[in-house]
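Colleague: just the structure for this:
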Amino acid sequence: GVTVRFDKGDILVTGTDGIWESPNGAGEPFGRERLLDIIREKHAEPARAILDEVFARLRAHCGKTPDHDDLTMVVVRFTSG
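Modeller: Below you'll find the predicted structure:
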């Protein structure tokens, strides 16, 4: 097996592909790079703030385009290591 060690302050983000595949009205997907940009920008903030920002920007990107897939994300901030 693989062992991963997390240090204090590290974050773990996982989600379904519906996040980065969600299209806007022109059919452009939200994309992994936008998701990574948010994580980079907000990495020092609480896990809930990162999650909230992802979904706020996703809503802004998609506008009135209906959800085409499930949108599930988990953000964990490690407080000890």
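
Colleague: going forward, measure contacts and count neighbours with C-alpha atoms only.
Modeller: Noted.

Colleague: give the next helix or strand downstream of the lengthiest helix in the chain.
Modeller: If you go by DSSP state H, the chain has its longest helix at helix 47-62. Where DSSP states H and E defines the elements, the next helix or strand beyond helix 47-62 is strand 73-77.

Colleague: what is that following strand packed up against?
Modeller: strand 11-15, helix 47-62 (3 or more CA pairs under 8 Å, 6 or more residues apart in numbering; DSSP states H and E).

Colleague: what does the average pLDDT come to for it?
Modeller: In this model, strand 73-77 has a mean pLDDT of 96.

Colleague: strand 11-15 and that strand, what's the angle between them?
Modeller: Counting by axes from the mean of the first three to the mean of the last three CA atoms, to 10 degrees, strand 73-77 points 170 degrees away from the direction of strand 11-15.

Colleague: how about strand 73-77: buried residues?
Modeller: Val75, Val76, Arg77 (16 or more other CA atoms under 10 Å).

Colleague: alright, calling it a day.
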